[in-house]
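Visitor: Build me a model from this:
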Amino acid sequence: MPGRSVLLLMVAGSALAADLPIREVTLYKHGVGYFERAGELKPGDTARLDFKAADMNDVLKSLTITDRSGGKISGVRYDASDPLEKRLEDFPFQVGGESSLASFLDQMKGSRLEMKLGAESVTGAIVTARVIKSNDKDKTAERETVVLLTDSGEMRSFDLAAASALRFSDPKLQGLLKDYLAVLSQARSKDRRSIYVDAVGSGAKQLVAGYMTPAAVWKSSYRLIFGEQGAALEGWAIVDNTSGEDWNNVRLSVVSGKPISFITQLYEPRYVQRPAAELAENRAVAPRVFEGAISSAAPAAPAPLAARAMAPKMREEALARNSAADAIQISSVASTAEGREAGELFEYNFSGPVTVKKGESALLPFLQQNISARKLLIYSENFGLHPMNAAEIANSTGQTLDGGPITVYDANTYAGEALVETLKAGDKRLISYGVDLGTRVTTAWDSSHDVVREIHFRRGVLTARSAVEEIKTYSMNNVEARPKTIIIEHPQRPGYKLLDPQKPAEKTSNAYRFEVKLGPSSTGTFRVSEERVYDQSIAVTSLTPEAMLAWVQNKALSDTGRRQLEQIAQKKRDIAGNDVALRRTEIELNDLSQDQERIRRNIGSLNGVAGQQDLVQKYSHLLSTAETRLAGLRDAQSELRRKKTALESELNALMEKIEF
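Guide: Purely as a prediction, here's the structure:
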C-alpha cells in the first residue's frame, strides 16, 4: 500500500480555508495591477489567497488587509519558497514515493499508536513494523504487519490491511503528520503559493485584502468622427484578464500614467554570511603591569532605525459623467466610465460592474464626447512632395486622454489612422492620418554673403561678429477646388535666429510651425528667413600691416575703435619698416664678410709671387675699407635690434591698454 495514500487513514479532515473573491481591479500602464478581494470570514476560518510563485515578491511588498467589522488580524502566513526536499528534511520521519505504511511506522518506534480493527480498538507503543513475504501456489504475497506493546504489557502483531483507522496518540506527532501531508499537497502545484490570514475575536469578519501583482498593460484606442456639425471622440479601453481567475462583477478602473515600480526579492530567504571567530588557545598567563587610565567614555548607543509607514490607498467619488455627442453619428455602445485626476495620474472608473473571464479580453468604452477639432494639412520635408491630411485636436473633454491609436472617419468614410501621445485636459495636439495627393509643395534655398556686424578688441585679439542670412521658399500648388490650411513645419537649427516671419504660429522642441492659407485651385509661396551669427577671432600679432589696414577700414568698426586700432596699425608699420632695414643691414653684412674672405684668399695667393706687391697693397686697402664698413654695419644692426625690441614692447603695452 503506497505510504502517502495510506497516511490519509491517520489524519482527520480539516475545513478548507475560506476564499475571498475579487471585488475590484485597477490596471496601470507600467505592468502591474491593483486587486482588491473582500468577503466574510466565519469564526475559526482562515482566509486563503492564491498567487503565482513569481508574483509573491510584489504581493509581499504591497499587501494590505483590513477588517471592516472592527476586529484585528492576528497574523499572515504564507508558503515558504524552499524546495520540497529542504522543507521535508526538518520532519522526524520521511515517506518515499513507493514506501509502505509498515516502513513509515517502523520509523516511529516507541510512539503510541491507536488502531481500529473492526469493532476492536487497540492502543500501544510501536515495537516494529515490517513487510512479510509468503509463497502460496507459486505466487509471492506481501503482508504488512505492526507489533505493538499494549498497555497490558503484551506484544501483539496486527495486520495493517485489517485496520480501518490509525492515529498517533501524541497530538504533536499527529500535527506533524498533517503538516507533512500539507507540504506534499502544496508541492503538487509548483507555480502556486498561498497566503493565509488569521483573525481573532468572536463573530464574523468582513475582510478586505488589497495588493499589487504583475498584470497586462491596459491599452486605449480612439475614433475621431468628423460630421457636418463638428467632431466627436470615442475612447475605448482594452483590458486583458491574464490573472488566471475570473473577474465577476468587479469594479474596474484603468489609470493613465507611469508611477515608479520595481521588483525586490522579498519572497526568497536571504542569508548573511557571518565571519568565523575562535577563542584563542589557552596558554600560561604571565604577570602584567597595567598603566593608569587617562579617560574613559562609553560608546554611543546606536541610533534606532526609522520605521517606514505606508500610506493607505484613498478612493474618492468619481466626477460627473460626460455626455456623448448627439449630432454626429457615433457608436451605439454608451460610455460608462467616469474620470478623475489622481495626482500626476488620471483614473477612469467604470461605473457598472464588469465581468471578464480568465484568458479573455474586453473592449470597454470610457469616453464619448464632442471635441474641438479642425481639419488641415501639415507639411514637412520628411514627408516628400505632398503634405499630410491632419487634424488639430484640442482636449476640451476635461479629462486626460491616454495615448493610443486613433481611427479617423470623415463623412461616414474611413479616412486613415494616427497615433497620439497622452493629452492633458486643455492641451492640443496635431495628428496626421493620410497623404493629400491634391497638394504639392517644393522648397528652394538662398543665402547672402557674410556681413560683419561688430568688431571687438581685447588683449591683442580681434573678434569679428558676422552674420549670414538664409532664406527658404516653400512653393505650394493646390489642384483641388476647395480652400486648404497648411501647417508648414520648418526645422529649428542650432545657431540660427528667425527673422521673417518674426513669430511662428506654434513652436515645438525642434521645429517652427507656420499656418498658411491656400485658396481653391491656386498656388502660393511662403518664405522663411533665418540668420546665423558667429564669431571669428584672430591675434593681431599674426596680421601683416596690409591686413591691419583692412581691419581699420571695416565699416563695422566704431570711430573710437578705428582710432585705437590705427595706433596699433602704425606700430605694426614701424616694426615692419625696422624689420626691412634690419634685413638689409644683415644682407650687407653677409656680403661684406664674403668679400673679405675672398680678398684674404687673394692676398694669400699673391704674397709668394714676385712683382705683385702693388696688387697686394690694393687688396689690403680694400680689406681695410671693408672692415671699416663692417664696423659701421654692426653698429647699425645693434641699433635696429634695440629699436625692434623697444617697438615690440610698445606694441604689447598698447594692446594690453586698448579694449573696445
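Visitor: Distance check, the residue nearest the centre of the chain against V32.
Guide: Among the residues of the chain, the one closest to the centroid is I260, at 9.6 Å (Cα atoms, centre = their mean). Taking Cβ to Cβ, to the nearest Å as the measure, I260 and V32 are separated by 11 Å. Every residue, glycine included, has its C-beta placed from N, CA and C.
Visitor: Kindly report the same for K172.
Guide: Relative to V32, K172 is positioned 42 Å away (Cβ to Cβ).
Visitor: Between these two, point out the one with more neighbours.
Guide: Summary of the neighbour comparison: K172 and V32, criterion other Cβ atoms under 10 Å, with V32 having more neighbours (20 against 8).
Visitor: Now that one: closest residue in space, sequence neighbours ignored.
Guide: Once its chain neighbours are removed from consideration, V32 has its nearest residue in M212; the separation is 5.0 Å (Cβ to Cβ, 6 or more residues apart in numbering).
Visitor: domains of the protein?
Guide: Domain assignment for the chain, taken from automatic domain parsing, gives 3-214, 219-258+319-437, 440-542, 553-657.
Visitor: could those go into JSON lines alongside mean pLDDT and distance to Q265?
Guide: Shown next, in JSON lines, are these (pLDDT from 0 to 100; distance: least, Cβ to Cβ, whole Å):
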{"stretch": "domain 3-214", "mean pLDDT": "81", "distance to Q265": "6"}
{"stretch": "domain 219-258+319-437", "mean pLDDT": "85", "distance to Q265": "22"}
{"stretch": "domain 440-542", "mean pLDDT": "91", "distance to Q265": "40"}
{"stretch": "domain 553-657", "mean pLDDT": "84", "distance to Q265": "68"}
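Visitor: need the next SSE after the helix of greatest length in the chain, C-terminal direction.
Guide: The longest helix of the chain (DSSP state H) is helix 559-606. Stepping forward along the backbone from helix 559-606, the first helix or strand reached (DSSP states H and E) is helix 613-657.
Visitor: That following helix: how far from the chain's middle?
Guide: The chain centroid and the centroid of helix 613-657 are separated by 77 Å under Cα atoms, centre = their mean, to the nearest Å.
Visitor: now the longest helix of the chain against helix 613-657, angle please.
Guide: Relative orientation of helix 559-606 with respect to helix 613-657: 160 degrees, computed using axes from the mean of the first three to the mean of the last three Cα atoms, to 10 degrees.
Visitor: Could you confirm the residue nearest to the centre of the chain falls within a strand?
Guide: No: secondary structure assignment places I260 outside any strand; it is coil (DSSP: H, G, I helix; E, B strand; the rest coil).
Visitor: and it, what are its phi and psi?
Guide: Its backbone dihedrals place I260 at phi -70, psi 130, with angles given as degrees, to the nearest 10.
Visitor: Enumerate every residue touching it.
Guide: By Cβ atoms under 8 Å, 6 or more residues apart in numbering, the contact set of I260 is empty.
Visitor: how does it look with 10 Å?
Guide: Taking Cβ atoms under 10 Å, 6 or more residues apart in numbering, we find I260 in contact with H30.
Visitor: related to what we said a few turns ago, just checking, the residue nearest to V32 touches M56?
Guide: No: using Cβ atoms under 10 Å as the test, M212 is too far from M56 to be in contact (11.9 Å).
Visitor: mind listing what the residue nearest to V32 touches?
Guide: By Cβ under 10 Å, 6+ apart, the neighbours of M212 are 26, 28, 32-35, 55, 58-59, 61-64, 261.
Visitor: Mind doing that once more with 7 Å?
Guide: Contacts for M212 were tallied using Cβ atoms under 7 Å, 6 or more residues apart in numbering; they are 32-34, 58, 62.
Visitor: One more: Q596?
Guide: When contacts are counted by Cβ under 7 Å, 6+ apart, Q596 is found next to 623, 626.
Visitor: can you pull up the bridge partners for the residue nearest to V32?
Guide: With DSSP bridges applied, M212 shows beta-bridge pairing to Y34.
Visitor: For it, give its distance to V239.
Guide: Distance check for M212 against V239: by Cβ to Cβ, it reads 16 Å.
Visitor: again with M655
Guide: According to Cβ to Cβ, M655 and V239 sit 76 Å apart.
Visitor: So which of the two has more stuff around it?
Guide: Set side by side, M655 and V239 give different neighbour counts by other Cβ under 10 Å, the larger being at V239 (24 against 21).
Visitor: Next, that one: phi, psi?
Guide: In this entry, V239 is assigned phi and psi values of phi -120, psi 140 (degrees, to the nearest 10).
Visitor: now do L173
Guide: Reported as degrees, to the nearest 10, the phi and psi values for L173 are phi -70, psi -40.
Visitor: Name the helix or strand for the residue nearest to L364 when sequence neighbours are not counted, please.
Guide: Across the structure, with Cβ to Cβ, 6+ apart as the measure, the residue nearest L364 apart from its sequence neighbours is A237 (4.8 Å). With secondary structure defined by DSSP H and E, A237 is part of strand 230-240.
Visitor: Adjacent strands (with direction) for that strand?
Guide: Strands flanking strand 230-240 in the sheet, each with its direction: strand 219-227 (antiparallel), strand 361-379 (antiparallel) (DSSP bridges).
Visitor: how about the helices in the stretch 151-300 of the chain?
Guide: Listed in chain order, the helices found in the stretch 151-300 of the chain under DSSP state H, counting those that start in this stretch are 171-187.
Visitor: residue contacts, V239?
Guide: Contacts of V239 by Cβ under 7 Å, 6+ apart are 27, 218, 254, 356, 361-362, 364.
Visitor: Hmm, D427 is touching N395, no?
Guide: Yes: between D427 and N395 there is a contact under Cβ atoms under 7 Å: 5.4 Å.
Visitor: Which one's more surrounded, the two?
Guide: With neighbours defined as other Cβ under 10 Å, D427 and N395 compare such that N395 has more, 20 against 13.
Visitor: what residues are up against the more buried one?
Guide: Shown here is N395, whose contacts under the criterion Cβ under 7 Å, 6+ apart are 401, 423-428.
Visitor: Just the ones in helices from the residues you listed, please.
Guide: The helices, defined by DSSP H, take in nothing from the contacts of N395.
Visitor: For PyMOL, write the selection for the buried entries among those.
Guide: The PyMOL command for the buried members of those (criterion: 16 or more other Cβ atoms under 10 Å) is given here:
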select buried, resi 401+423
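Visitor: how about JSON lines for the contacts of N395, with distance to A141 added?
Guide: Listed next are those as JSON lines, based on distance: Cβ to Cβ, whole Å:
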{"residue": "L401", "distance to A141": "79"}
{"residue": "L423", "distance to A141": "82"}
{"residue": "K424", "distance to A141": "83"}
{"residue": "A425", "distance to A141": "84"}
{"residue": "G426", "distance to A141": "88"}
{"residue": "D427", "distance to A141": "86"}
{"residue": "K428", "distance to A141": "90"}
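Visitor: Can you tell me which of the contacts of N395 lies closest to L233?
Guide: Closest to L233 out of those is L401 (7.9 Å), distances taken as Cβ to Cβ.
Visitor: and the closest residue to the closest one other than its chain neighbours, what does it touch?
Guide: Of all residues not flanking L401 in the chain, L423 sits nearest, at 4.2 Å (Cβ to Cβ, 6+ apart). With contact taken as Cβ under 7 Å, 6+ apart, L423 is in contact with 395, 401, 429.
Visitor: need the residues you listed in JSON lines with distance to G438, can you?
Guide: Converted to JSON lines, the contacts of L423 look like this (distance: Cβ to Cβ, whole Å):
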{"residue": "N395", "distance to G438": "29"}
{"residue": "L401", "distance to G438": "30"}
{"residue": "R429", "distance to G438": "24"}
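Visitor: quick one: which of these is nearest V540?
Guide: Taking the contacts of L423 together and measuring to V540 by Cβ to Cβ, the closest member is R429, at 55.1 Å.
Visitor: I488 and Y379 touch, don't they?
Guide: Yes: counting by Cβ under 7 Å, I488 sits close enough to Y379 to count as a contact (5.3 Å).
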